[in-house]
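Peer 1: here's a sequence, model it:
(2 chains)
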Number of protein chains: 2
Amino acid sequence: MSTDFFKVHQEVLEQAVAAAATRDYWSPYPESPSPRVYGETANEEGRAAFEAYHGKDFPLQLDGATGQFGKEVSPFGIELGIRYPQVPAATLIAQSQAALETWREAGPQAWAGVSVEILKRVNQRSFEMAYAVQHTTGQGFMMAFQAGGPHAQDRGLEAVAYAWNEMARIPGEVTWEKPQGKHDPIRMQKRFTIVPRGVALVIGCSTFPTWNGYPGFFASLATGNAVIVKPHPGAILPLAITVSIARDVLTEAGFDPNVVLLAVHDAGDDTAQTLALDPAVKIIDFTGSSANGNWLEAEASQAQVYTEKAGVNQVIIDSVDDFKSVARNLAFSFSLYSGQMCTAPQNIYVPRDGIATADGRMSFDEVAAGLAQAVAKLVADPARAVEITGAIQNAGTLERIETARKLGLPILADSQSLTHPQFEGAKVQTPLVLQADADNDVIMREWFGPIVFVVATDSTEHSLQLAQRTVIEHGALTLAAYTTDQSVAKQAEKAAERAGVSLSLNLTGAVFVNQTAAFSDFHGTGANPAANASLSDTAYVANRFRVVQTRWHV
Amino acid sequence: MSTDFFKVHQEVLEQAVAAAATRDYWSPYPESPSPRVYGETANEEGRAAFEAYHGKDFPLQLDGATGQFGKEVSPFGIELGIRYPQVPAATLIAQSQAALETWREAGPQAWAGVSVEILKRVNQRSFEMAYAVQHTTGQGFMMAFQAGGPHAQDRGLEAVAYAWNEMARIPGEVTWEKPQGKHDPIRMQKRFTIVPRGVALVIGCSTFPTWNGYPGFFASLATGNAVIVKPHPGAILPLAITVSIARDVLTEAGFDPNVVLLAVHDAGDDTAQTLALDPAVKIIDFTGSSANGNWLEAEASQAQVYTEKAGVNQVIIDSVDDFKSVARNLAFSFSLYSGQMCTAPQNIYVPRDGIATADGRMSFDEVAAGLAQAVAKLVADPARAVEITGAIQNAGTLERIETARKLGLPILADSQSLTHPQFEGAKVQTPLVLQADADNDVIMREWFGPIVFVVATDSTEHSLQLAQRTVIEHGALTLAAYTTDQSVAKQAEKAAERAGVSLSLNLTGAVFVNQTAAFSDFHGTGANPAANASLSDTAYVANRFRVVQTRWHV
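Peer 2: You can find the predicted model right below:
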């Protein structure tokens, strides 16, 4: 008899459900990479495990593999040379469908139990995962550990919790008794069975393969679907490790490991499209470009499609108490992982005639210069800076910086290449801060990477209108506002509600607009073009399974 | 200060939420048209109210109306001559968007309270509604009263209950406190606001304008959306009465009555398409043909689209105790509202070599003849028959009976025209029961109306395979099976689960496969081509609103 993973993890699952309801801080996965938490040898063991993969076939046996493939290069300059088994799309679909046949019969407790056990084991390998995330995405180590490890695991568990909660609301079997006046009541027995939709596809991105991949992966797995994970060709390792752990747990639990499969492919081929349009694929989770996301939404009509795409994140500066703390907070948000975050702020709206501060008025130019100086200060020490900025994940972002620089806009802070003290091949860039006018169309599109526009507006009212319209037309994952005026705060909140974007007010401390906390902050609203779903809410899980009932007289 | 409808109805709402969780029998709206329940004069008053509409302008004031329109003719032969205000689509959209501005601010309690108050008043006018439903859909009076009145109201309340339950799970405001070891914790305040999606469109059908229309109408209204109701041109009155009541309640509650609008139009014009593709329309609920439903799913990509379309409902006869009770039950299902139900059985699978009964084996021919005889017996007395069959709603169904008759298949029971004792112009037809072979493609499509095929299969296993495949390929809202063999029952259940269709086992009494009970039976699974949603479940409501959060340090 295999372990009952549901019994093992029931308590944490119930805690997770409760946390998502109260939305207070909660996490079962410590975010500190401290030896006191993860063990004295955890870091070294994780690094060794990561390095052992280099230049070898990744230890994953997939039936039907036609070869080994992999071209990952660390943005820090290391050629990884890891080769993964490559299985044709049609074979993957057939294997997935076959594995689904027993998995679907296992039921919600088994699905949830296996899911949480996978997360537990992924958590135990958080250092290995941190190095894998660092050297595929370009994130600095601390971020790779936290966002790629415990925070991603939190988001995975959150999805399982929502899924479990929804499934647990459906009774297994009930007696239905309808009174008939003086006659005997009509009595029926009804059984409600939760059935998966089918094969689920998770399309990973190159910047947050686990954080953005886990919600869809675990939401689909925990609702009884078989999952094919298709990583971005540039960031395979973190998801390959995850798939490998998942297959181990499935096997131990007595299921076909093919319930979770890995689809490795070369950049630019049609693997993603082929999988996405297969009639057997009933759920797709996608993180990536608007072009690809919109294509999936339009074309993969046989599937439930959940997308996170591009957007234009904005900051409204109306009035502040202490400008320095505002600038410090924003400079960190611009620099963190070189703005390669779907949540990074891009357009900073400042009234042309300046803002009020506790120390008197500041002109637009003073605000713009202040922001640029805060960036300069933050990245002044390259050794410290690279830990914040990490490295640039791909050449497209480097080119984008160059394109932005050539827009002809006033440069408030130029993007500098930094030499990484540890990795000489690392592509490190500090933020480019430009000045733009509100009617310049360039600010109406996403400039993914460390590119920021300080935008002169006619007034705060204009800033609010511009922000609202931009979210409605182009999407956004975040909106921030700085104001000491309660009525402006209320207006910002109303603008956010109408545009359908989350608002952060007056962040000046240790919380940044780029960051959200699982179980408390919803990531994305699903109400604007940047994402058609929210991580995580009921809508994100409730349509991944269906209920089939059988009724009979008793 | 207007009435707090939430407070008034909170208890019934909580009972409804509890009922949907336990799925036992429950209803707050009595299904009996008894004078003891609805009052001694209720029937006469309802009839008088209905008759007062004839040949007049319907008492509904809509701003921007460009004229009055209406061509409804009762399937029982009465020209209704009711004229409704007709407002251009663009005007409706603009009015709806304007009304949304205050409605969206009212919040979940107001939305739910107003919704339940509307239902309460609709319930009080159940007799008027019964006549309105009878003389637009062609349903017999008892069915029009029950399915068009209390049962539709149940389904409406069920949707409100699911919506309320989902919205109530989101806390209004919370404090988030993240420990920082020896340092002070990070404390943030977070406010979560439920925001509607926008303008919702409800596209009604001609056969069940209220039963099929209310779930979407109330799910959208109770989640803060403004709703435009577009009835089928042949069945406007029941929804016009509903809209009129809704606008009264909204006005009393201090809201813009344009939160609920009526879109009346002529058959064959492009009103539905124009409304459906308007960028402001974010939710569409549709009941009707597969062609129109599939078009909406593909084209109205700006909206959440919930559809109920055509399907092929099937019955598997394997073995029975008492064939007579089986035949009686099925004959009633064939005859009820002349099969003009999305849930009516069409294909009856019987093994070619017959079935086992408690009284020995019956040959295929005996089973087929037995079903036909049961139909003949049920409709032998026209006065009694017409109360079951009602009248044929539209000419297309009459033509379909003719087309089926000309298929050249053996006729087991011919469809007869009956004279209605009360309404001489009523188009009444008894069921046409044909014999077909399993490999005949005609059984693979929906024959909406009183058309039944008794299909010879190779075996029960063949019947099961055929049923499963047909549901997967062509969709179905119901599947029924008759068997005395536990293992066949289990196989039927597995086939139903894999195809994604609800199963009724061995119905021989007062419950019919066509009928589902709100708060207990899910209508549709959303897992096969006949419908992309289920009435009602969490998935049906959870994406009709979104959550926008605001966070700040405290």
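
Peer 1: OK, contacts around whichever residue of the stretch 51-200 of chain A sits closest to chain B?
Peer 2: Distance from chain B to each residue of the stretch 51-200 of chain A (Cβ to the nearest Cβ) is smallest for A:Lys178, at 4.3 Å. From N, CA and C alone the C-beta is placed, and that goes for glycine too. Contacts were defined as Cβ atoms under 8 Å, 6 or more residues apart in numbering or on different chains; by that measure A:Lys178 touches A:Pro185, A:Ile186, B:Tyr25, B:Ala517.

Peer 1: please look at the third one and B:Ser520 and confirm they touch.
Peer 2: Yes - counting by Cβ atoms under 8 Å, B:Tyr25 touches B:Ser520, with 6.4 Å between them.

Peer 1: so which strand or helix has the residue of the stretch 51-200 of chain A closest to chain B?
Peer 2: According to DSSP states H and E, A:Lys178 maps onto strand A:173-180.

Peer 1: mind listing what's buried along that strand?
Peer 2: Buried residues in strand A:173-180, defined by neighbour count with 16 or more other Cβ atoms under 10 Å in any protein chain shown: A:Val174, A:Trp176, A:Lys178.

Peer 1: nearest the geometric middle of chain A, what residue?
Peer 2: Taking Cα atoms, centre = their mean, the centroid of chain A lies closest to A:Asn212, which sits 2.6 Å from it.

Peer 1: pLDDT value on A:Met1, please?
Peer 2: Confidence at A:Met1, expressed as pLDDT, is 48.

Peer 1: from chain B, how far out is the nearest residue to A:Gln109 once chain neighbours are set aside?
Peer 2: Distance criterion Cβ to Cβ, 6 or more residues apart in numbering or on different chains; nearest residue to A:Gln109, sequence neighbours excluded, is A:Phe6 at 4.0 Å. Distance, A:Phe6 to chain B, by Cβ to the nearest Cβ, to the nearest Å: 21 Å.

Peer 1: residue contacts, A:Phe6?
Peer 2: Contacts of A:Phe6 by Cβ under 8 Å, 6+ apart are A:Leu13, A:Gln109, A:Ala110, A:Ala112, A:Gly113.

Peer 1: ok, A:Ile236 next?
Peer 2: A:Gly70, A:Glu72, A:Ile82, A:Tyr84, A:Thr136, A:Val264.

Peer 1: from the residues you listed, which land in helices?
Peer 2: Per DSSP state H, helices hold the following members of the contacts of A:Ile236: A:Thr136.

Peer 1: of the contacts of A:Ile236, which belong to strands?
Peer 2: A:Tyr84 (DSSP state E).

Peer 1: with pLDDT added, can I get the contacts of A:Ile236 in TSV?
Peer 2: As requested, these are exported to TSV (pLDDT from 0 to 100):
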residue	pLDDT
A:Gly70	97
A:Glu72	97
A:Ile82	98
A:Tyr84	98
A:Thr136	98
A:Val264	98
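
Peer 1: from the contacts of A:Ile236, which is closest to B:Val554?
Peer 2: B:Val554 has its nearest neighbour among those in A:Thr136, at 37.9 Å by Cβ to Cβ.

Peer 1: that closest one: how many residues sit nearby?
Peer 2: 28 (other Cβ atoms under 10 Å in any protein chain shown).

Peer 1: identify the residue nearest it in space, chain neighbours excluded?
Peer 2: Leaving out its chain neighbours, the residue that sits closest to A:Thr136 by Cβ to Cβ, 6+ apart is A:Ala235, at 3.9 Å.

Peer 1: got phi/psi on that neighbour?
Peer 2: A:Ala235 has phi and psi values of phi -140, psi 60 when expressed as degrees, to the nearest 10.

Peer 1: that one contacts A:Trp211, doesn't it?
Peer 2: No - using Cβ under 8 Å, A:Ala235 is not in contact with A:Trp211; the gap is 11.4 Å.

Peer 1: what backbone torsions are found at the residue nearest to A:Ala476 when sequence neighbours are not counted?
Peer 2: Distance criterion Cβ to Cβ, 6+ apart; nearest residue to A:Ala476, sequence neighbours excluded, is A:Gly311 at 4.2 Å. When read as degrees, to the nearest 10, the backbone of A:Gly311 gives phi -160, psi 180.

Peer 1: now do the one 5 residues further on
Peer 2: Taking degrees, to the nearest 10, you get phi -110, psi 120 for the backbone angles of A:Ile316.

Peer 1: surely it touches A:Ala489?
Peer 2: No - when contacts are counted by Cβ under 8 Å, A:Ile316 is not listed as touching A:Ala489 (10.3 Å).

Peer 1: now for those two: what residues contact both?
Peer 2: Residues touching both A:Ile316 and A:Ala489 (Cβ under 8 Å, 6+ apart): A:Ala481, A:Thr483.

Peer 1: okay, and which of the contacts of A:Lys178 map to strands?
Peer 2: Applying DSSP E to these, the entries found in strands are A:Pro185, A:Ile186.

Peer 1: nearest to A:Pro279, of the contacts of A:Lys178?
Peer 2: Distances from A:Pro279 to the contacts of A:Lys178, taken by Cβ to Cβ, are shortest for B:Ala517, at 33.7 Å.

Peer 1: how many neighbouring residues does the residue lying closest to A:Glu79 once chain neighbours are set aside have?
Peer 2: Nearest non-adjacent residue to A:Glu79, counting by Cβ to Cβ, 6+ apart: A:Val73, 5.4 Å away. As a burial measure, A:Val73 scores 15 neighbours (other Cβ under 10 Å).

Peer 1: now do the same contact list for the residue nearest to A:Ala476.
Peer 2: Per Cβ under 8 Å, 6+ apart, neighbours of A:Gly311: A:Cys342, A:Glu446, A:Val471, A:His474, A:Gly475, A:Ala476, A:Leu477, A:Asn528, A:Pro529, A:Ala530, A:Ala531.

Peer 1: show me those that map onto strands.
Peer 2: Among these, no member lies in strands (by DSSP E).

Peer 1: the stretch 1-150 of chain A: strands as residue ranges?
Peer 2: A:67-69, A:84-86 (DSSP state E, counting those that start in this stretch).

Peer 1: turn these into CSV, including distance to B:Glu497.
Peer 2: Shown next, in CSV, are those (distance: least, Cβ to Cβ, whole Å):
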stretch, distance to B:Glu497
strand A:67-69, 37
strand A:84-86, 33
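
Peer 1: run a quick neighbour tally on A:Pro529.
Peer 2: Neighbours around A:Pro529, by other Cβ under 10 Å: 20.

Peer 1: kindly list the main-chain dihedrals of it?
Peer 2: Phi and psi for A:Pro529, reported as degrees, to the nearest 10, are phi -60, psi -10.
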